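**Q** Just a sequence and a predicted model for now, questions to come.
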Amino acid sequence: MKMNFLVLILLVFFVCNEDSNENIRISKEIETIEKLTTPDSLLTPGQRKVLNGAKLTLRHGYEYDMTMGYYITEYNDKGQYIGERVFPGGDINPDIGVCTDVIIRALRLGEVIDLQKALNEDIKKAVKDYPMHRWNLEVWFGKYWTQLNTEDDWQPGDIVVWDMAKSGNSDHIGIVSDKIVNGRYWVIHNHPDPGFVAEEDKLFYWKISGHYRIKE
C-alpha cells in the first residue's frame, strides 16, 4: 500500500513538473515573440525619426480626451503653459489628446516636421485641395508622402488611417511601430479603448483606408 502511495506521489510530481516545464517553455516562446522588432539598420533616416517620435508619445502616455473639445494651443512644444495662443509650435494640454495629436506630436518630437504649421500653410495656399468630406491630415499625407496599398508592405514609421465605422470616411489614425507579434506590426495610437496612447496589435483590427510613408 505504501509502495503504491509513493508511486502515486512520484507520478503526480512528474506530471506537475512536466506541466511546469511546458508552461515555462511556452512563456519563454511568447516572451521571445513579443520582443521581435525590425532592425534599425533596415529603416531610412526619415522612418527612424517618425518611429522615435512616436515612441516618445508612447512614453508620455497621455490620456484620450473623451470630451473631444475644442482647445486653443496655449502650450509651447515643450509642454509649458503660455496662457495665450501659441503658433507655430503650439500644443494643447500635453496630458490629453486624441489620435491626431499622436501624429502631430510624434513628427514634432522626432524632428520630422511641424505638421501643424505645414498643414496650415498648405491649406492657405491650396484650399481647394482640402474638401470638407476628407480629413485634412489625410489630404496632406497624400500630397507630400508616398501613398501605398493598404494590404501589405507595412514598415515602422508608416502612417495608417482607418475607417472604423466603415462609412467611407476616415476616422482614426496611428503610426506603425517596430514591434512584431505573430508576423504583424503593432501600432502606436490613441483611442478611447484603452483611453491613452498605447502600442497595440490593432493594425488590421479596423478597415484600413490609408497608408503613407515619409519620402526621403
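**A** Alright, I've got the coordinates. Residues are numbered from 1 along each chain as shown.
**Q** To which secondary structure element is the residue positioned nearest the centre of the chain assigned?
**A** Geometric centre of the chain, nearest residue: residue 188, 1.3 Å, by CA atoms, centre = their mean. Assigned by DSSP states H and E, residue 188 belongs to strand 184-190.
**Q** Quick check: buried residues in that strand?
**A** Burial within strand 184-190, assessed by neighbour count using 16 or more other CB atoms under 10 Å, is assigned to 185-190. C-beta: built from backbone N, CA, C; applies to glycine.
**Q** you'd agree residue 179 is in a strand?
**A** Yes. Judged by DSSP: H, G, I helix; E, B strand; the rest coil, residue 179 forms part of a strand.
**Q** tally of neighbours for it?
**A** 19 (other CB atoms under 10 Å).
**Q** cool, and residue 200?
**A** Neighbours around residue 200, by other CB under 10 Å: 17.
**Q** Is it in contact with residue 189, as I believe?
**A** Yes. When contacts are counted by CB atoms under 8 Å, residue 200 is listed as touching residue 189 (7.2 Å).
**Q** shaky segments in the chain?
**A** 1-36, 68 (pLDDT under 70).
**Q** Tell me the spacing between the residue nearest to residue 174 when sequence neighbours are not counted and residue 100.
**A** Spatially, and ignoring its direct neighbours in sequence, residue 174 is nearest to residue 189 (3.1 Å; CB to CB, 6 or more residues apart in numbering). Distance, residue 189 to residue 100, by CB to CB, to the nearest Å: 10 Å.
**Q** Also residue 70?
**A** Residue 70 is 13 Å from residue 100, by CB to CB.
**Q** sorry, back to before: C-terminal to the strand holding residue 188, what's the next element?
**A** Past strand 184-190, the next helix or strand by DSSP H and E is strand 197-200.
**Q** which residues sit against that next one?
**A** 57-58, 60-62, 97, 102, 177, 179, 186-191, 194 (CB atoms under 8 Å, 6 or more residues apart in numbering).
**Q** how does it look with 7 Å?
**A** Contacts to strand 197-200, defined as CB atoms under 7 Å, 6 or more residues apart in numbering, come from residues 57-58, 60-62, 102, 177, 179, 186-188, 190.
**Q** Tell me the strands beside it, with direction?
**A** strand 184-190 (antiparallel) (DSSP bridges).
**Q** Just the CA atoms of the strand it pairs with, as CSV, please.
**A** What follows is strand 184-190, C-alpha atoms only, in CSV (Å, rounded to 0.1, in the frame of the first residue of the first chain):
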residue,chain,number,x,y,z
ARG,A,184,2.1,41.5,-37.6
TYR,A,185,3.3,45.0,-36.9
TRP,A,186,1.8,46.8,-33.9
VAL,A,187,0.7,50.4,-34.0
ILE,A,188,1.1,53.4,-31.7
HIS,A,189,-2.2,55.3,-31.4
ASN,A,190,-4.6,57.0,-29.0
